[in-house]
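J.: let me see the structure of the following:
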Amino acid sequence: MKGIGNDAFHSYYNLNKLPSIIGTSYCHKTNIFNSFAFRCNTLNTKHRTMRYINSAIFLLTILTLLSVNTMGQKISDKEFYRQLQEDLDLFSTDSLLGEKVWGLATFSVVNLRGEARHASELVSQITMGTPVKLIESTEGWYRVETPEGYNGWIDTCGLKLATHDEMELWKSLNRYVYNSISGYAYESPSLKANVAFDVVLGDIFVARDKKKGFLRVTTPDGRVGFVKEKECIQWAIWSQKKPNIQEIISTTQKMNGVPYLWGGTSSKAVDCSGLVKIAFFAQGIILERDASQQARNGEVVDYTEAANLSPGDLIFFGMSPEKISHVGIYIGNGNYIHSSGYVHINNIDPNHPNFNFATKKHIVAVRRIINSLNTEGIIEVRNHPWYSFEP
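T.: Numbers count the residues shown, from 1 in each chain. Here you go, the predicted model:
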């Protein structure tokens, strides 16, 4: 899997200290300057002059805000953050910031096509706030690489383009993850207000403040709405949680009846591997996209005896281990949940009344994911540099 690696283009900030802008003391804010000299020393020659100019503009903004905060006109940390973010929002559309080789998904669900046209096959989807790397572009389309290494074409309206520095900034902000199956952001903090936009499980947005049990959130493309706070979880908490098998199963069961969609990878509609991917991502685990890819990773389980299977295991079906065409999640007592026509539960026992004869598929592999975290094809988001700061 490709990643940022040791890319010298880190943020304007000390990466371990930037979140301290929110609700911390002045001495922590001064950590912003610690990485400035390092940043200037590591810039590529090609972009050095322009980036020096923009770094100077950025630094001047910080100095202005800090001078207000320390020279008699005291402002709160919250106000400091608000003013800083407003200024950075202005910079984010400035082409002088550097080459925009990254993107963030802007809508609740963004389609990836096999070719750069709307009539092309839907190969996958990404949810709001998913970071992607731009590979190439043609009129109205970008070919991108997703965090798990999948490629596809996205309509330009589905992406907010970003530079390396803007991506580092995004990773430092007060992000929240939508933690319910689906819902809405409203124009004001009331369920009676007009809908601003929809949200689905796994969407990532920035929270500005709280009001009447709602979070005021901003999407990557700048739209603002109010989402019920109880339906969200702060990134800092979510990304550090220990994955829970029962919660993975619970997520899939909440999607019972959701229709099948070839290439679907959201709680609106899913294919078989999309269901698996969503359920594990809700627990902070990034899996590969297709069933044939997912079958290559994790602990091998002997499936000749049903007693060897544990809840959360991935059950793969096909003609052979080399020709896998379907996947489901084992939930116990011989049952597995999968998307075939729609999300539902079947049993692996041919003598069970809920055995699925219609699939005409045989179990050819079983993999246990939970014991193989941070191995090939099984990455926790907190360890993925596109989502989080590099350790």
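
J.: so what secondary structure elements neighbour the longest strand seen in the chain?
T.: Using DSSP state E, we find that the single longest strand of the chain is strand 323-332. When contacts are defined as 3 or more CB pairs under 8 Å, 6 or more residues apart in numbering; DSSP states H and E, strand 323-332 packs onto helix 245-254, helix 272-281, helix 291-294, strand 314-320, strand 335-340, strand 362-368. Where you see a C-beta, it was placed from the backbone N, CA and C, and this is true even at glycine.

J.: mind exporting the shortest one as CSV, just the C-alpha atoms?
T.: Output for helix 291-294, consisting of C-alpha atoms alone and laid out as CSV, is shown next (Å, rounded to 0.1, in the frame of the first residue of the first chain):
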residue,chain,number,x,y,z
ALA,A,291,-13.7,-10.2,-1.8
SER,A,292,-10.8,-11.8,-3.7
GLN,A,293,-8.4,-9.2,-2.1
GLN,A,294,-9.8,-9.6,1.4
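
J.: who does the helix or strand just after it pair up with?
T.: Using DSSP states H and E, the next helix or strand after helix 291-294 towards the C-terminus is strand 299-300. Partner strands and pairing direction for strand 299-300 (DSSP bridges) are strand 362-368 (antiparallel).

J.: kindly format the C-alpha coordinates of the partner strand as CSV.
T.: The C-alpha trace of strand 362-368 is given here as CSV (Å, rounded to 0.1, in the frame of the first residue of the first chain):
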residue,chain,number,x,y,z
HIS,A,362,-19.2,-23.3,-1.7
ILE,A,363,-17.1,-22.1,1.2
VAL,A,364,-13.5,-22.0,-0.1
ALA,A,365,-11.7,-20.0,2.6
VAL,A,366,-12.2,-18.4,6.1
ARG,A,367,-10.0,-15.6,7.4
ARG,A,368,-9.8,-14.1,10.9
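
J.: give me the mean pLDDT for it.
T.: The average of the pLDDT scores along strand 362-368 is 95.

J.: against which helices or strands is the helix or strand just after that strand packed?
T.: Sequence-wise, the next helix or strand downstream of strand 362-368 (DSSP H and E) is strand 378-380. Contacts defined by 3+ CB pairs under 8 Å, 6+ apart place strand 378-380 against strand 285-287.

J.: may I have the strands that pair with the strand it packs on, each with its orientation?
T.: Its sheet considered, strand 285-287 pairs with strand 378-380 (antiparallel) by DSSP bridges.

J.: pLDDT (mean, whole number) over the strand it pairs with?
T.: Over the span of strand 378-380, the pLDDT mean works out to 97.

J.: got the buried residues for the longest strand of the chain?
T.: Residues of strand 323-332 classed as buried: 324, 326, 327, 328, 329, 330, 331 (neighbour count, 16 or more other CB atoms under 10 Å).

J.: separation between residue 159 and residue 113?
T.: 13 Å (CB to CB, to the nearest Å).

J.: in the stretch 151-300 of the chain, where is pLDDT below threshold?
T.: Residue ranges of the stretch 151-300 of the chain with pLDDT under 70: none are present.

J.: in it, mark out all the strands, start to finish.
T.: For the stretch 151-300 of the chain, strands defined by DSSP state E, counting those that start in this stretch occupy the ranges 151-155, 159-162, 175-178, 182-186, 195-200, 204-211, 214-218, 224-228, 232-234, 265-266, 269-270, 285-287, 299-300.

J.: now find how far off-centre the fifth one is within its chain.
T.: Mean C-alpha position of strand 195-200 versus that of the full chain (CA atoms, centre = their mean, to the nearest Å) differs by 17 Å.

J.: change the start of the numbering to 6 and stick with it
T.: Taking 6 as the first residue, the last one we looked at is strand 200-205.

J.: follow-up on the earlier one: farthest-apart pair in the buried residues of strand 328-337, please.
T.: 329 and 336 (19.9 Å; CB to CB).
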